[in-house]
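Participant: Here is my input, please return the structure:
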Amino acid sequence: MTPEEFRTAGHQLIDWIADRRSDVENLPVLAQVSPGQVRRSFEIDAPSETVDFATLLSELDTSVVPGVTQVQHPMHFGWFPSNAALSSVLGDIASSGIGSLGISWESSPALTEVEEVVCDWMRQLVGLSDQWRGTIQDTASSACLVAMLVARERATDLAQNAGGTQSLTKPLVVYSTEQAHSSVAKAALLAGFGWDNVRMVAVDPATYAMRPDALRSAIETDIGEGRTPAAIVAGVGTTGTTAMDPVSRIVEIAQANDIFVHVDAAMAGSAMLLPECRHLWDGVERADSISWNPHKWMGTILDTSLFYMRDIQLLERVMSTSPSFLRSTADGSVTQYRDWGIPLGRRFRSLKLLFQLRLDGIEETRTRLRRDIANAQWLEAQVDATDNWEVCAPVALQTVCVRHRPDGLDGEELDQHTLAWVRSINESGAAFLTPSILDGRWMARVSIGVLGTERQHVERLWHLMRITASH
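Facilitator: As a prediction, this is how the structure comes out:
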């Protein structure tokens with residue numbers, strides 16, 4: 001494809017994307033395909049001939065779009081928001097079009113330095129002090145893995161440079177809760193801690209936040225039995241209930257025992273753009289690392305996850321490699337992001353944030369976040385005021401956990417009822433929300449936060465929930 005052919009096709013593609021966004025509310029939210037249907041719509045044999053661009057766009061419409069769950073749909077209330085502001089989409093296109101190679105500062109000085117700039121802008125916008133420095137990871141899952149690797153090496157005085165974890169005489173322990181995202185346990189396992197050394201600390205039965213007394217007790221037990229507490233992952237906005245672990249009390253306990261603290265604020269980090277929400281991660285300045293995802297609620301398109309650390313020298317000592325073919329005269333005076341994470345190569349991800357901040361502005365984002373919080377509070381009030389409906393967990397931000405409890409229905413029958421009405425809504429294509437287990441029983445999570453979701457959409461969902469659950 002020549003630049004001129006690209007220019008023509010690019011105009012068509014932008015029009016197609018704009019049309020899809022304009023029309024998204026007319027599509028079913030949940031993908032209406034059966035397993036294997038999308039794959040069967042394509043030929044088995046690899047293509048040997050080309051097609052024109054119009055034909056390829058037609059294939060997108062007929063084969064791809066029906067198999068896409070429309071997370072940009074204003075009636076999408078499942079998981080957490082996975083927004084893709086069109087301003088950031090333009091940044092993603094610019095990143096791909098530039099085609100930069102981020103393996104070192106020398107390979108693309110602009111890639112490195114623009115990332116430094118936007119990470120520092122975002123640091124300022126969420127109220128963090130200048131002791132933090134950040135980088136862009138693909139997801140909070142990767143950021144958590146990096147944090148666990150750093151925690152492991154800090155606890156062992158860089159055992160990786162000698163015999164590694166196999167040479168240790170005391171097992172290393174990680175502390176989290178059952179409310180934490182599954183990626184936390186996965187990161188601990190991949191970092192070599194092992195399931196036997198992952199502690200799921202008890203949570204408060206009302207708030208679902210980690211109990212500091214239970215954390216302290218678990219640490220004391222492990223120390224008394226000859227284990228080494230290495231890391232604590234504090235959740236700020238946990239996946240199931242958006243619970244807020246008490247970061248300040250957790251870091252006090254951690255510092256008394258020289259334990260690394262990683263704060264996972266994947267979704268709720270966006271709320272810290274609002275000064276009135278920053279009390280939710282009080283104490284964060286004394287943590288060791290933080291991750292949060294602009295590609296969730298804030299609206300920057302995937303994959304844009306911010307990872308901040310205070311001790312960058314430790315991060316680089318754990319993660320750095322210096323192959324001869326990448327050495328340059330700039331070493332020592334510039335940031336080498338290859339030494340801040342797992343991959344060597346990286347995309348020009350920072351352009352997605354740059355475009356969104358420049359084109360939309362942060363006040364547009366703040367207004368939208370406040371709208372979503374107000375809509376969640378509205379739904380919470382409706383549920384509280386309606387017979388046989390209950391709010392199952394505190395509504396800290398934009399997620400409302402609800403359960404319909406008909407008279408006389410409990411236990412397994414109640415579970416089946418919950419799963420049935422949620423499934424009915426999802427399969428209809430009219431809306432999408434996710435069931436989840438809380439206190440051993442199924443409930444429904446209503447996660448509000450898609451760019452286009454207004455009060456009218458939340459009202460429509462509430463009507464749909466009542467009608468469906470009563471049948």
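
Participant: For stretch 449-457, what is the distance to the chain centroid?
Facilitator: 20 Å (CA atoms, centre = their mean, to the nearest Å).

Participant: what sits up against it?
Facilitator: 24-25, 71-77, 80-81, 83, 85, 296-297, 299, 368, 371-372, 375, 378, 398 (CB atoms under 8 Å, 6 or more residues apart in numbering). The C-beta positions use only the backbone N, C-alpha and C, and glycine is treated the same way.

Participant: buried stuff in that stretch?
Facilitator: 449-451, 453, 457 (16 or more other CB atoms under 10 Å).

Participant: same thing with stretch 41-60?
Facilitator: Neighbour-count burial for stretch 41-60 [16+ other CB under 10 Å]: F53.

Participant: Give me the contacts around it.
Facilitator: Residues contacting stretch 41-60 (CB under 8 Å, 6+ apart): 8-9, 12-13, 16, 62-63.

Participant: Turn those into CSV, including neighbour count and pLDDT.
Facilitator: Shown next, in CSV, are these (neighbours: other CB atoms under 10 Å; pLDDT from 0 to 100):
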residue, neighbour count, pLDDT
T8, 12, 96
A9, 16, 95
Q12, 13, 96
L13, 16, 96
W16, 14, 96
T62, 10, 94
S63, 16, 95
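
Participant: Look up the closest residue to the residue nearest the centre of the chain, ignoring the ones flanking it.
Facilitator: For the chain, the residue nearest the mean C-alpha position is A266 (4.1 Å; CA atoms, centre = their mean). Distance criterion CB to CB, 6 or more residues apart in numbering; nearest residue to A266, sequence neighbours excluded, is A140 at 3.9 Å.

Participant: So the one you found sits against T304, correct?
Facilitator: No - when contacts are counted by CB atoms under 8 Å, A140 is not listed as touching T304 (10.6 Å).

Participant: check contacts around G283.
Facilitator: Here G283 is in contact with 246-252 (criterion: CB under 8 Å, 6+ apart).

Participant: just to revisit the earlier point, spit out the contact partners of the residue nearest to the centre of the chain.
Facilitator: Here A266 is in contact with 80, 140, 181, 237, 291-293, 296, 305 (CB under 8 Å, 6+ apart).

Participant: Restricted to buried residues, select these in ChimeraX.
Facilitator: Restricted to buried positions by 16+ other CB under 10 Å, the ChimeraX selection for the contacts of A266 reads:
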select :80,140,181,237,291,292,293,296,305
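
Participant: Now distance to A444, secondary structure and pLDDT too, for the contacts of A266, in CSV please.
Facilitator: Output for the contacts of A266, formatted as CSV (distance: CB to CB, whole Å; DSSP: H, G, I helix; E, B strand; the rest coil; pLDDT from 0 to 100):
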residue, distance to A444, secondary structure, pLDDT
F80, 15, coil, 94
A140, 24, helix, 94
H181, 19, coil, 89
G237, 18, coil, 96
S291, 27, strand, 97
W292, 25, strand, 97
N293, 23, coil, 97
K296, 20, coil, 97
S305, 27, strand, 97
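
Participant: Which of the contacts of A266 sits closest to W195?
Facilitator: H181 (16.6 Å; CB to CB).

Participant: Neighbours of the nearest residue to that closest one once chain neighbours are set aside, how many?
Facilitator: Among residues not flanking H181 along the chain, T239 sits closest, at 4.7 Å (CB to CB, 6+ apart). Residues near T239, counting by other CB atoms under 10 Å, number 23.

Participant: quick one, what contacts T239?
Facilitator: 80, 179-182, 267.

Participant: any idea which of those residues is closest to L414?
Facilitator: Among the contacts of T239, and counting by CB to CB, the member closest to L414 is Q179, at 21.3 Å.

Participant: what residues are up against that closest one?
Facilitator: Applying CB under 8 Å, 6+ apart, the residues contacting Q179 are 203, 208-210, 235, 238-241, 243.

Participant: Can you tell me the SS state at P435?
Facilitator: Three-state assignment for P435 (DSSP: H, G, I helix; E, B strand; the rest coil): strand.

Participant: Need phi/psi at the nearest residue to it once chain neighbours are set aside.
Facilitator: In space, and not counting its chain neighbours, P435 is closest to V422: 4.8 Å by CB to CB, 6+ apart. Main-chain dihedrals, V422, degrees, to the nearest 10: phi -70, psi -40.

Participant: Was I right to think V422 contacts A444?
Facilitator: Yes - here V422 reaches A444: they are 5.1 Å apart, a contact under CB under 8 Å.

Participant: tell me, what's touching those two both at once?
Facilitator: With CB under 8 Å, 6+ apart, V422 and A444 have common neighbours 433-435.

Participant: would TSV of those residues with distance to Q160, neighbour count and pLDDT be doable?
Facilitator: Below are the shared contacts of V422 and A444 laid out as TSV (distance: CB to CB, whole Å; neighbours: other CB atoms under 10 Å; pLDDT from 0 to 100):
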residue	distance to Q160	neighbour count	pLDDT
L433	43	23	96
T434	38	16	95
P435	41	18	95
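
Participant: circling back to that earlier point, tell me how far the residue nearest to H181 lies from C392.
Facilitator: 14 Å (CB to CB, to the nearest Å).

Participant: before we move on, what about A268?
Facilitator: Counting by CB to CB, the gap from A268 to C392 is 18 Å.

Participant: Quick one: the helices in this structure, in order.
Facilitator: Listed in chain order, the helices of the chain (DSSP state H) span 3-23, 37-40, 53-59, 86-98, 109-125, 140-155, 182-190, 212-224, 247-256, 312-319, 350-359, 362-384, 411-428, 455-469.
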